[in-house]
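Colleague: Okay, here's the prediction I keep looking at, along with the sequence it came from:
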Number of protein chains: 2
Amino acid sequence: MKSGPDIAMVAALVGDPARANMLTALMNGRALTASELAQEAGITPQTASSHLSKLEAGGLVEPEKQGRHRYYRLTDDDVAGVLEGLAGLAARTGHMRVRTGPKDPALRRARICYDHLAGDLGVQMLDSLRSRHLVKQKKQDIELTAEGERFLAKHLQISPEMLSHPRRPVCKACLDWSERRHHLAGTLGAAMMQRFAELKWAARDATPGSRVVNFTRTGEKQFAALFGNGKD
Amino acid sequence: MKSGPDIAMVAALVGDPARANMLTALMNGRALTASELAQEAGITPQTASSHLSKLEAGGLVEPEKQGRHRYYRLTDDDVAGVLEGLAGLAARTGHMRVRTGPKDPALRRARICYDHLAGDLGVQMLDSLRSRHLVKQKKQDIELTAEGERFLAKHLQISPEMLSHPRRPVCKACLDWSERRHHLAGTLGAAMMQRFAELKWAARDATPGSRVVNFTRTGEKQFAALFGNGKD
DNA sequence: TTCATGCTTCGATGGTAGCCGAAGCATTGT
DNA sequence: ACAATGCTTCGGCTACCATCGAAGCATGAA
């Protein structure tokens, strides 16, 4: 028998539909009350209470008392990241919960995944880069081409040496939560997101803990000019 | 009700201890037969078969027929990544599987993790490197210092260019199974392990499938001289 | 062919965990 | 003080699913 982290325990926590619903509801980074989460999961408050204690014991959520309400939020971005990963795997195998209602359209359109851009726009960006041969993608491997380097230097003032990192690959395909497509991660993904912020094209939502990325008017235009697919 | 990928389904797959054991056993990237996985998980072949079909249906593992054996492997790196993430969450909250009794002391002392050294000695080695500023570690990021490069060249004949790899970081902190501490992974971790083998300091145990690493008498001395903490 | 090995399917069993109703605290408001 | 709201605890019910024995296929060996 093995020792090591009890991966089954934390996975089992996410493995229950009711709890998964709650966690998904929390993935936009905002805190919700126990009752809201109960309604979100379609269960009674008693049951929700039980689930929430388990999630808390497992370190996936953190409570915050406020008056007679109890707000719960995801513990940190790592949790959100793992949930995104799980969602990616589920989406890839075609196991979608059928309804496609843009529950939180902003989150679906553009959000932070670790430190890079995810959501519709993130996927669109990688699509654009790939179709113009600025990057080459083979399965999970992405490589920056020479044209790609020139493109980055010219339009975003990003030079290759800014991207080298002992531990982290320059490019990486990261499976998107909402779409079942890849978006761009790695030091390049992070650098581009950072540049978008510096250029005031986009910024993380002000609400603490929110993972939504808001694009400015001009930012959206510039982004579309660089990575647009003509449909925007 | 929500839209989006059915995260609960895939999480539930990992959430069963037996299945989690199998997945963990597959995390070194090698394919294992159904029986091996059954033994690994401590269940009968029938039960394992049932689990494996579910894992396959969920897209987490892929089978490969070979003679009358059926080899299973993780579908791809995305799966391994999510599993690592889960392990990270579990480890962080202190939920380790407390497997009583050092079942295999040799395994606990020195073993192969992927392709690098893990266990007591692996942790000790990284500790030593860090305390002598041969590497700098910030959270999970490890960086080789200039002194570190000189040290490697002098004592282990490892040059920086041997370590560069398009997709893999040179250094990486890898969470240790038995200890709750980090040991050194990445191309450097692999290169050092390889060098230990070449120098006949240590070798993987002869038993097929075993992950134990046996140090020779002189190997242990040399290792202690380089990375010892005085207590050995 | 006959036997052995590896794996799967079938059927039955038992333990576990999700679920809700009712009751119990806690906080806030009147 | 009393009531209302929000959440938790308790007890019992139910459904699901992991598990294993036995039998059934498939592949390879003799």
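Modeller: Sure, I can see it.
Colleague: How about stretch A:46-55 and chain B, touching?
Modeller: No. Judged by Cβ under 8 Å from any Cβ of the partner chain, stretch A:46-55 and chain B are separated, with a smallest distance of 11.0 Å. (C-beta placed from N, C-alpha, C; glycine too.)
Colleague: gap between residue A:120 and residue A:28?
Modeller: Per Cβ to Cβ, to the nearest Å, residue A:120 is found 15 Å from residue A:28.
Colleague: same thing with residue A:205?
Modeller: Residue A:205 is 9 Å from residue A:28, by Cβ to Cβ.
Colleague: overlap in contacts of these two?
Modeller: Residues touching both residue A:205 and residue A:28 (Cβ atoms under 8 Å, 6 or more residues apart in numbering or on different chains): A:211, A:212.
Colleague: Quick check: mean pLDDT of stretch A:204-219?
Modeller: The average pLDDT for stretch A:204-219 rounds to 80.
Colleague: And stretch A:54-62, by the same measure?
Modeller: Stretch A:54-62 comes out at a mean pLDDT of 93.
Colleague: For chain A, which helix or strand comes out least confident on mean pLDDT?
Modeller: Among the helical and strand segments of chain A, the one scoring lowest on mean pLDDT, DSSP states H and E is strand A:96-97, with a mean of 55.
Colleague: Tell me which helix or strand comes right after it.
Modeller: As assigned by DSSP states H and E, the chain's next helix or strand after strand A:96-97 is helix A:105-109.
Colleague: packing partners for that following helix?
Modeller: Helix A:105-109 sits against helix A:120-131, with contacts defined as 3 or more Cβ pairs under 8 Å, 6 or more residues apart in numbering or on different chains; DSSP states H and E.
Colleague: mind checking how far the helix it packs on is from the chain centre?
Modeller: Taking Cα atoms, centre = their mean, to the nearest Å, the mean C-alpha location of helix A:120-131 is offset from the chain mean by 15 Å.
Colleague: is the helix ranked longest in chain A up against chain B anywhere?
Modeller: In chain A, assigned by DSSP state H, the helix with the most residues is helix A:77-92. Yes. Helix A:77-92 reaches chain B (Cβ under 8 Å from any Cβ) through A:78-79, A:81-83, A:85-92.
Colleague: so what does that helix touch, helix or strand wise?
Modeller: On a contact count with 3+ Cβ pairs under 8 Å, 6+ apart, helix A:77-92 meets helix A:17-26, strand A:172-175, strand B:4-5, helix B:7-15, helix B:77-92.
Colleague: give me that answer again for 6 Å
Modeller: If you count contacts as 3 or more Cβ pairs under 6 Å, 6 or more residues apart in numbering or on different chains; DSSP states H and E, helix A:77-92 packs onto strand B:4-5, helix B:7-15, helix B:77-92.
Colleague: residues making contact with the longest one?
Modeller: Counting contacts by Cβ atoms under 6 Å, 6 or more residues apart in numbering or on different chains, the residues outside helix B:77-92 that touch it are A:5-7, A:10-11, A:82, A:85-86, A:89, A:140, A:175, B:23, B:27, B:60, B:74, B:175.
Colleague: Same question for the second one.
Modeller: Applying Cβ under 6 Å, 6+ apart, the contact partners of helix B:7-15 are A:8, A:11-12, A:14-15, A:17, A:20, A:86-87, A:89-90, A:95, B:20, B:55, B:58.
Colleague: Residue B:106: which of these is nearest?
Modeller: residue B:20 (24.2 Å; Cβ to Cβ).
Colleague: Quick check: the closest one vs residue B:26, distance?
Modeller: Separation of residue B:20 from residue B:26 (Cβ to Cβ) stands at 11 Å.
Colleague: Who has more neighbours out of those two?
Modeller: Using other Cβ atoms under 10 Å in any protein chain shown as the criterion, residue B:20 and residue B:26 rank with residue B:20 on top: 27 against 23.
Colleague: got the domain boundaries for chain A?
Modeller: Domains of chain A are assigned by automatic domain parsing as A:7-75, A:105-227.
Colleague: Would you mind naming what in chain A lies close to DNA strand D?
Modeller: A:33-35, A:45-46, A:48-50, A:52-53, A:63, A:68-70 (Cβ under 7 Å from any atom of the strand).
Colleague: Is the residue positioned nearest the centre of chain A bridged to anything, and to what?
Modeller: In chain A, the centroid-proximal residue (Cα atoms, centre = their mean) is residue A:113; its distance is 3.3 Å. Bridge pairing for residue A:113 (DSSP bridges) gives the partners residue A:116.
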